[in-house]
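Trainee: below are the sequence and a predicted model; questions follow.
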Amino acid sequence: MSLVSTKLITAEEFAAMEEPADGSRQELVRGEIVSMPQPQGLHGQVQLQIGWLLKNVVTVQKLGWVVTESGVITERDPDTVRGPDVSFFRIDRHPNRPRGYFEIPPDIAVEVLSPDDRRRKVLEKIQEYLDHGVRIIWLVDPEPEAQTVEIYRPGQSTLLLNETDTITGGDVLPEFSCKVIEFFQ
C-alpha cells in the first residue's frame, strides 16, 4: 500500500491560482482546495438582498465595508481561506479599501444555506468563524418553508429568528435593523 502525500498550499499560492475552468467556487481548508458548486438562484438572490440591506446602512453612515464571497484567512500553517456569502468589516478595524484576502475576521459573517449543504459542515465553518474572532454569524435558511436566521455569537446560545422577527446588528452594528422577511424579498 502506498501513501500519497498532498502538498499543502498557502493562502498566497491559493490567491495566485487561476479561476477554476468549471466555474466552481473554491475555498482553501487547511492547505487543501475544496470545490463547491455555484450557488443556485434563490441563494444568490438572498445573498445579494442581505448585502444590499447592510450596504445601505454601512455606506450612508461610512461604517465600513460590506463584501460578498471575499476571502478571509481564518487559519495559518496550514492556511484556510473562507469566503462567507456576505461579510461586514467595521471601518475602525479595517480603515482602508479592501485589497487581497482579509487577514482579520469580519465583524459579521453571513452564510446562506443551499439545498445541498450538509448541516454538519456548515456548523463546522461557523465554529471556525467563532474561533477566529467573528463576532456575529447569521446562518440564513432561504427555503420558502423555513425563511429563518440563526444567530451565533461567541459564548452565547444560538438565537433562531423567523420571518416576523426583527434582526439587528447588535453591539457590532447597532445602526442596522430590519424584519427577517426583508432578507427574502
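Mentor: Done, it's in.
Trainee: which residue ranges form the helices in this protein?
Mentor: 11-16, 41-60, 119-132 (DSSP state H).
Trainee: which of the ones you listed is buried the deepest?
Mentor: Across the helices of the chain, averaging neighbours per residue (mean count of other Cβ atoms under 10 Å) puts helix 41-60 on top, at a mean of 17. C-betas here are computed from N, CA, C, even on glycine.
Trainee: quick one: mean pLDDT over that helix.
Mentor: The average pLDDT within helix 41-60 is 95.
Trainee: next one: phi and psi at the residue nearest the centre of the chain?
Mentor: Per Cα atoms, centre = their mean, the C-alpha nearest to the average position across the chain is that of P84, at 1.9 Å. Phi and psi for P84, reported as degrees, to the nearest 10, are phi -50, psi 150.
Trainee: setting aside sequence neighbours, what's the nearest residue to it?
Mentor: Spatial nearest neighbour of P84, excluding adjacent residues (Cβ to Cβ, 6 or more residues apart in numbering): A109 at 4.1 Å.
Trainee: need the helices of the chain in CSV (columns: distance to C178).
Mentor: Listed next are those as CSV, based on distance: least, Cβ to Cβ, whole Å:
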stretch, distance to C178
helix 11-16, 34
helix 41-60, 6
helix 119-132, 22
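Trainee: so which of those gets nearest T168?
Mentor: Closest of these to T168 is helix 41-60, at 10.8 Å (criterion: Cβ to Cβ).
Trainee: what about the strands in this protein?
Mentor: 25-29, 32-36, 64-68, 72-75, 80-82, 86-90, 108-112, 136-141, 148-152, 159-161, 166-169, 173-179 (DSSP state E).
Trainee: and of those, who's closest to R99?
Mentor: Of all the strands of the chain, strand 64-68 sits nearest to R99, with 11.1 Å by Cβ to Cβ.
Trainee: just checking, what packs against the closest one?
Mentor: helix 41-60, strand 86-90 (3 or more Cβ pairs under 8 Å, 6 or more residues apart in numbering; DSSP states H and E).
Trainee: read off the pLDDT value for R99.
Mentor: 85.
Trainee: and it, how many neighbours?
Mentor: Taking other Cβ atoms under 10 Å as the criterion, the count of residues near R99 is 6.
Trainee: quick check on it: phi, psi?
Mentor: According to degrees, to the nearest 10, R99 has phi -140, psi 140.
Trainee: how about the helices of the chain, which one is nearest R76?
Mentor: Taking those one by one with Cβ to Cβ, helix 11-16 is closest: 7.7 Å.
Trainee: how about residues contacting the closest one?
Mentor: 26, 28, 33, 71, 73, 76, 79, 81, 100-101 (Cβ atoms under 8 Å, 6 or more residues apart in numbering).
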